[in-house]
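1. Fold the following and give me the result.
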Amino acid sequence: MSENQELKRHCLLVPVKGVLLTEHIANNYKAVSAFCPDPSDLLIATYPKAGTTWVQEIVDLLLHNGDSETCKRAPIPIRIPFLENTARLGIPSSLDLLKAMDPPRVIKTHLPFHLIPKGFWENKCKVIYVARNAKDNLVSYFYFHKMNLTHPEPGPWEGFIQKFMNGQVPWGSWYDHVKGYWEEREKRNILYLFYEDMKENPRREVERIMRYLDLSLSDDVISRIVELTSFEIMKENPTTNYTFMSKPVFDHSLSTFMRKGEVGDWKNYFTPEQATEFDEDYEKKMKHVNIPFRTQL
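-> Have a look, this model is predicted:
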């Protein structure tokens with residue numbers, strides 16, 4: 001590992017209103033919380049590695065009538081700015097990007113519900129939330145930590161499970177994250193999607209998103225969007241696979257950004273003892289909500 005990478009691995013996690021954020025995002029949170037969206041703006045919110053890029057690309061294609069060339073106009077974080085991201089390592093500040101864009105804009109965030117700028121709710125912006133079952137989300141986040149050199153070193157797998165269960169990872173507790181948006185979904189008109197539903201029947205979920213956006217596209221365009229947003233196509237698309245982000249940000253030799261995109265992959269990593277401990281902890285943390293997660297199809 002180079003000196004530059006070593007420096008990046010000394011990333012600090014700083015608590016903001018009870019949620020751990022990477023230091024550069026925590027230091028920028030005051031400016032982010034003051035952001036005032038236009039009522040026409042759309043927010044795509046997720047816990048990290050829950051299908052964010054997938055839904056971003058679906059939305060961009062829906063808004064551009066399935067025109068794949070238009071949707072390759074720029075890498076996805078330029079087309080759809082990452083709200084809390086700061087200017088660093090050659091990447092523009094998302095707040096600056098948003099200032100230069102005319103509404104309606106599509107914006108991405110990993111912030112939990114209570115850290116979302118209040119303007120999104122005051123202006124009744126549409127919000128799409130994507131949730132992925134905890135075990136698969138954990139595996140994907142572990143590998144993302146390996147390759148994302150701006151995140152703390154994940155350490156061994158068995159230790160990372162504990163960090164995830166305790167919310168000691170960037171953007172905090174998965175449990176609080178998925179529950180926060182679930183409990184507010186009807187009051188705030190949040191379209192709450194499940195990664196597993198998208199894998200099971202992508203066309204059905206693309207049509208759900210289309211209707212939520214008050215769009216009406218032809219069957220042929222819908223079919224094209226489903227094809228263009230398949231895991232295989234997106235993994236080869238240089239505007240969505242994050243190969244445009246190289247060292248010292250992402251080290252693709254450690255893990256690819258788009259790794260497997262499967263449901264049930266957790267079975268290849270959890271030992272029976274780890275699965276039992278995780279399930280018991282999950283039951284305690286999720287006992288007061290009935291979110292219909294599936295860990296296999």
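2. Going by C-alpha atoms from here, please, whenever you check contacts or count neighbours.
-> Will do.
3. host element of the residue nearest to Asp265 when sequence neighbours are not counted?
-> Among residues not flanking Asp265 along the chain, Asp136 sits closest, at 6.2 Å (Cα to Cα, 6 or more residues apart in numbering). Using DSSP states H and E, Asp136 sits in helix 134-147.
4. Now that helix: average pLDDT?
-> The pLDDT scores in helix 134-147 average 88.
5. Please apply the same query to stretch 38-47.
-> The average of the pLDDT scores along stretch 38-47 is 98.
6. end-to-end on it?
-> Taking Cα to Cα, to the nearest Å, the first and last residues of stretch 38-47 lie 23 Å apart.
7. Tell me how far the residue nearest to His114 when sequence neighbours are not counted lies from Asn123.
-> Excluding its sequence neighbours, the residue lying closest to His114 (Cα to Cα, 6+ apart) is Gly180, at 7.6 Å. Gly180 sits 19 Å away from Asn123, taking Cα to Cα as the criterion.
8. same check, this time on Ala134
-> Ala134 is 31 Å from Asn123, by Cα to Cα.
9. Neighbour count for the two, which is higher?
-> Counted by other Cα atoms under 10 Å, Ala134 and Asn123 do not tie: Ala134 has more neighbours, with 22 against 14.
10. So what's the residue count around the spatially closest residue to that one that is not a sequence neighbour?
-> Nearest non-adjacent residue to Ala134, counting by Cα to Cα, 6+ apart: Trp174, 7.3 Å away. Trp174 is flanked by 24 other residues according to other Cα under 10 Å.
11. Cys71 now?
-> Quick note: Cys71 (other Cα under 10 Å) scores 21 neighbours.
12. Quick one: residues contacting it.
-> Glu57, Asp60, Leu61, His64 (Cα atoms under 8 Å, 6 or more residues apart in numbering).
13. What's the local residue count around the third one?
-> This means Leu61. 24.
14. measure it to Val32 for me?
-> 27 Å.
15. again, but for the second one
-> According to Cα to Cα, Asp60 and Val32 sit 23 Å apart.
16. can you check the first one too?
-> Going from Glu57 to Val32 by Cα to Cα gives 23 Å.
17. Give me the more crowded residue out of the two.
-> The neighbour comparison of Glu57 against Val32 (other Cα under 10 Å) goes to Glu57, with 23 against 20.
18. Surely the more buried one and Phe231 touch.
-> No. Using Cα atoms under 8 Å, Glu57 is not in contact with Phe231; the gap is 11.2 Å.
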